[in-house]
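prediction below, plus the sequence it came from.
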Amino acid sequence: MTSQPLVMEASLAKLPWEDRPEDCADVVWRYSGNPVIPRNPIPCAQGIYNSAAVPFGDGFAGVMRVEHKDSMPRLHAAHSKDGFHWDVQEEKIHLTGADPDIAEPAYTYDPRVCPIEENGETVYYVTWCTNYHGPTIGVARTRDFIAFEQLENAFLPFNRNGVLFPRRMNGKYMMLSRPSDNGHTPFGDIYLSESPDMVHWGRHRFVMGAGGQWWQGTKIGAGPVPIETREGWLLLYHGVCNTCNGFVYSMGAALLETDNPARVLYRTNKYLLFPTEPYETTGFVPNVCFPCAALCDGPTGRLAIYYGAADTCTSLCFAYVDAIVDFMKANSTVF
Ligand code: BMA
């Protein structure tokens, strides 16, 4: 009997990858060359972090959060042949086609990119935290990472961490998000919403909330686009703890039911990644690991996760999906 691979994603021609060091027993390990995108590789940047990457062409494309030297974050397109070395465009993305009321947002940050097959072609949907009388979720789409068409904002303010699922369910687009406040929100739970047209969002359902262990006791938010496995959707998320020196951002994982991703099957009660390295503990905002994208090779289950480090630079870590699922089953508290 041949056992089918756990992960249902396609195989990737290329994946940035480094084997786990022999002296490391962790489920998630870091790239030895971190950070992959340093603080200011282009003149306008004060930092590049919390950014998204997907397979594209014969390499990878990305939408990056570039903090400009006026301290405002903007989205920039980027390309990479190997997933380690990135060419970030010096010009910000010019979003076109939006209703004038929501066009030209003053800030745009924490992008995710979600490929969805539509009528035989791949459409790359970008979701990010946009400004419309405060933070909410902006949506755009591109087919080539050159032209970006801005659609309607998904939600009312205030909201952050809008993350799409990579396929429709019962004909509906599905998005996770985290309702928030207008500042450095001291609370936050993950909700699921659905849309027939990527414009109107409803049937909002609670997925999971902050709490349980201290590392995820203050707020949580969806990270990369969920990865489909035979046992459910693997969701990597950030869990936040409040300390007398501010928030600390770690990464956890949950498994959501395939046909109803508002149901949580497992959820890590221990973090998978916690800020310990100098580039994670020192920077514009110390003690932040903020995952925004994951490249997954389906047949091998190898995972390369991009995460923002200390709101300053972009780093990579690696894992096997089956090891994360095993870890979740052994260290799970669902509440
Ligand atoms: C959140 C967002 C993220 C940031 C994090 C830590 O509220 O602003 O972009 O990484 O705080 O500062």
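That came in fine, so what should we check first?

what residues does the stretch 1-150 of the chain have near the ligand?
Applying Cβ under 6 Å from any ligand atom, one finds that the stretch 1-150 of the chain approaches the ligand through Asn50, Tyr109, Asp110. Any C-beta I mention is one placed from the backbone N, CA and C, and that applies to glycine too.

assign the first one to helix, strand or coil.
This means Asn50. Secondary structure, DSSP: H, G, I helix; E, B strand; the rest coil: Asn50 is strand.

run a quick check on it versus Phe290, I expect a contact.
Yes - using Cβ atoms under 8 Å, Asn50 is in contact with Phe290, at 5.0 Å.

now pLDDT, distance to Gly252 and neighbour count too, for the residues of the stretch 1-150 of the chain next to the ligand, in a markdown table please.
Below are these laid out as a markdown table (pLDDT from 0 to 100; distance: Cβ to Cβ, whole Å; neighbours: other Cβ atoms under 10 Å):
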| residue | pLDDT | distance to Gly252 | neighbour count |
| --- | --- | --- | --- |
| Asn50 | 98 | 17 | 28 |
| Tyr109 | 98 | 22 | 24 |
| Asp110 | 98 | 17 | 25 |
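
closest one of those residues to Gly209?
Asp110 (20.0 Å; Cβ to Cβ).

residues contacting that closest one?
Shown in contact with Asp110 (Cβ atoms under 8 Å, 6 or more residues apart in numbering): Asn50, Arg65, Trp128, Cys129, Arg160, Asn161, Phe290, Cys292.

next secondary structure element downstream of the host helix or strand of it?
In this assignment (DSSP states H and E), Asp110 forms part of strand 108-118. With elements assigned by DSSP H and E, the helix or strand that comes after strand 108-118 is strand 121-131.

remind me what that following strand packs against, helices and strands.
Applying 3 or more Cβ pairs under 8 Å, 6 or more residues apart in numbering; DSSP states H and E, one finds that strand 121-131 contacts strand 45-56, strand 59-68, strand 108-118, strand 135-142, strand 159-164.

for whichever residue of the stretch 201-335 of the chain sits closest to the ligand, which non-adjacent residue is closest in space?
Relative to the ligand, the nearest point of the stretch 201-335 of the chain is Val285 (3.9 Å; Cβ to the nearest ligand atom). Using Cβ to Cβ, 6 or more residues apart in numbering and skipping residues adjacent in sequence, the residue nearest Val285 is Asp311, 3.8 Å away.
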